[in-house]
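*Asks:* Structure for this input, please:
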Amino acid sequence: MSTRTPIPFLKGHGTENDFVIVPDPGNALDLTPAAVAALCDRRAGLGGDGVLHVVRSAAHPEAKAMADEAEWFMDYRNADGSVAEMCGNGVRVFARYLHHAGHVAEGDFTIATRAGVRSVHLAKDGDVTVGMGRARLPEGEVTVTVGERSWPARNVNMGNPHAVAFVDDLAHAGRLLEAPPVSPAQAYPDGVNVEFVVDRGPRHVAMRVHERGSGETRSCGTGTCAVAVAAARRDGVDPAVTGTPATYTVDVPGGRLVITERPDGEIEMTGPAVIVAEGEIDGEWLENAVR
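*Replies:* Numbering: from 1, shown residues only. All right, here's what the predicted structure looks like:
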């Protein structure tokens, strides 16, 4: 497909983590890193924390094996054009788009991602619940540093890597324009999302995040899951041991998400997802932007 052809797009957000949505059922578009970065540019493009490339699983080489379980594949890209395994807020917005476009009905369905197939429940009140899989807690000490301050951090993997640091004040995270140094570097060979967390009340925390490839964002779905798990373990709570689900409320700059870890290890994230607008990308602009 020539990029000079107008390309349909939508804009959406989940707790103000915002995305450019590009429907491409047949996987006909060549969304290069440069094209993604141009689309996500907040001054010269449409603006977004990432791109949700909507492809039928059967049409994408990375998703063909999941086509029997999930019709649609979330080919997610960070704002800098790099590929990401998973994006929790992105899955909710992706689900909202599928309903908006008439591809799914309210209720339960599945979405394929690079981190595996995710189960989704679309409620009548508009909230979307996503089964985020299980957290892995790699062994080893990790330290996060901002300026003169350093904190021990919990290494949590939600299909993508996280370093969760509990701090006294979210301002201690600094401006988060650049990725905070994390040591040892070999703990995260492909980079890491870094969360800074403060307590707000019983099983209620607030966080800021530097997302790998995007900088500070208003929200990070996988990050809220990682934070909830890290907070639970810090609090001595492990549903696999107690047999009782643990629910944490996580405030992010863009809103609030509710995270539940079940005794079987499955983590569920519930929150809003909104479609803001739709239109067409000028193909000639995109072609010139990536030269």
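
*Asks:* Excluding chain neighbours, what is closest to the spatially most central residue of the chain?
*Replies:* For the chain, the residue whose C-alpha lies nearest the mean C-alpha position (Cα atoms, centre = their mean) is residue 87; its distance is 2.2 Å. Using Cβ to Cβ, 6 or more residues apart in numbering and skipping residues adjacent in sequence, the residue nearest residue 87 is residue 76, 4.9 Å away. All C-beta spots, glycine's among them, are computed from the backbone N, C-alpha and C.

*Asks:* Three-state assignment for the one you found, please.
*Replies:* Reducing the assignment at residue 76 to three states with DSSP: H, G, I helix; E, B strand; the rest coil gives strand.

*Asks:* burial count for it?
*Replies:* Neighbour count of residue 76, defined by other Cβ atoms under 10 Å: 22.

*Asks:* residues contacting it?
*Replies:* 50, 51, 52, 53, 83, 84, 86, 87, 90, 113, 114 (Cβ atoms under 8 Å, 6 or more residues apart in numbering).

*Asks:* circling back to that earlier point, the residue nearest to the centre of the chain and residue 50 touch, don't they?
*Replies:* Yes. If you go by Cβ atoms under 8 Å, residue 87 and residue 50 touch, sitting 6.3 Å apart.

*Asks:* what's the spacing between the residue nearest to the centre of the chain and residue 58?
*Replies:* Relative to residue 58, residue 87 is positioned 22 Å away (criterion: Cβ to Cβ, to the nearest Å).

*Asks:* partner residues bridging the closest residue to residue 192 other than its chain neighbours?
*Replies:* Taking Cβ to Cβ, 6+ apart as the measure, residue 192 lies nearest to residue 161, with 4.6 Å between them; neighbours along the chain are not counted. With DSSP bridges as the criterion, residue 161 is bridged to residue 157.

*Asks:* so what's residue 161 up against?
*Replies:* Neighbouring residues of residue 161 by Cβ under 8 Å, 6+ apart: 155, 188, 190, 191, 192, 193, 212.

*Asks:* Buried residues, the helix or strand residue 153 falls within. List them.
*Replies:* When secondary structure is defined by DSSP states H and E, residue 153 falls within strand 149-157. For strand 149-157, burial by neighbour count (16 or more other Cβ atoms under 10 Å) applies to 151, 153, 154, 155, 156, 157.
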